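Novice: Take this sequence and fold it.
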Amino acid sequence: MRIAYFDCFSGISGDMTLAALVSAGWPFERLESLPGRLGHEGVRVSTEPARRGPFAATRVVVAVEGRQPHRHLRHVLAAIDSPGIEPAVKERAGAVFTRLAKSARLMKGFGAMVKSIPWCSPVQIEVIPPWSAISASAMNSS
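Specialist: Take a look at the predicted model:
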């Protein structure tokens with residue numbers, strides 16, 4: 001098993017996390033196939049080289065066609081439970097999303113009821129691929 005430590009003292013975005021995983025050796029094909037395995041139509045994932053000053057890196061782009069539907073925790077969990085996702089990944093990703101939902105719910109002052117929590121991201125679909133991909137990469141590393 002490979003272990004990666006992220007020292008994100010000022011945070012890290014989902015696309016940055018995915019780019020770091022791809023650059024570290026996670027097969028891009030696994031990431032590229034993820035939206036389809038989750039049943040998300042009109043979502044494409046691509047990579048491109050990026051340069052900021054003297055630094056060169058990989059950039060992951062999640063392109064979403066049209067307006068995505070509003071999703072609640074139950075929708076996210078149903079997508080994770082799709083047949084194209086490995087059982088261990090389903091379990092870990094489901095636990096991560098449920099914990100995030102409980103935290104978000106408590107921070108918003110709504111108590112611990114989690115089944116109807118709406119996601120707050122302006123592009124709703126972007127919430128799913130990063131976290132599921134992180135779980136998938138952790139479970140499929142050798």
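Novice: Nearest residue to residue 90 in space, please, no chain neighbours.
Specialist: residue 80 (5.5 Å; C-beta to C-beta, 6 or more residues apart in numbering). Just so you know, the C-beta spots here come from the backbone N, C-alpha and C atoms, and that holds for glycine as well.
Novice: repeat for residue 6
Specialist: residue 12 (6.3 Å).
Novice: Could you give the number of residues near that neighbour?
Specialist: A count of neighbours around residue 12, defined by other C-beta atoms under 10 Å, yields 14.
Novice: pretty sure it contacts residue 19?
Specialist: No. Between residue 12 and residue 19 there is no contact under C-beta atoms under 8 Å: 10.0 Å.
Novice: Give the buried residues for the helix ranked longest in the chain.
Specialist: In the chain, taking DSSP state H as the definition, the longest helix is helix 87-107. Using 16 or more other C-beta atoms under 10 Å as the test for burial, helix 87-107 gives 89-90, 92-94, 97-98, 100-102, 104-105.
Novice: Now do it, average pLDDT.
Specialist: Per-region confidence: helix 87-107 scores 83 on mean pLDDT.
Novice: Using CSV, write down the CA coordinates of that helix.
Specialist: Extracted as CSV, the C-alpha positions of helix 87-107 are listed here (Å, rounded to 0.1, in the frame of the first residue of the first chain):
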residue,chain,number,x,y,z
PRO,A,87,-17.1,-2.3,-3.0
ALA,A,88,-14.2,-1.0,-0.8
VAL,A,89,-14.3,2.4,-2.6
LYS,A,90,-18.1,2.6,-2.1
GLU,A,91,-17.7,2.0,1.6
ARG,A,92,-14.9,4.6,2.1
ALA,A,93,-16.3,7.3,-0.2
GLY,A,94,-19.8,6.9,1.4
ALA,A,95,-18.3,7.3,4.9
VAL,A,96,-16.3,10.4,3.8
PHE,A,97,-19.4,12.0,2.2
THR,A,98,-21.6,11.2,5.2
ARG,A,99,-19.0,12.7,7.6
LEU,A,100,-18.7,15.8,5.4
ALA,A,101,-22.5,16.2,5.3
LYS,A,102,-22.8,15.9,9.1
SER,A,103,-20.0,18.5,9.6
ALA,A,104,-21.6,20.8,7.1
ARG,A,105,-25.0,20.4,8.7
LEU,A,106,-23.7,21.1,12.2
MET,A,107,-21.8,24.2,10.9
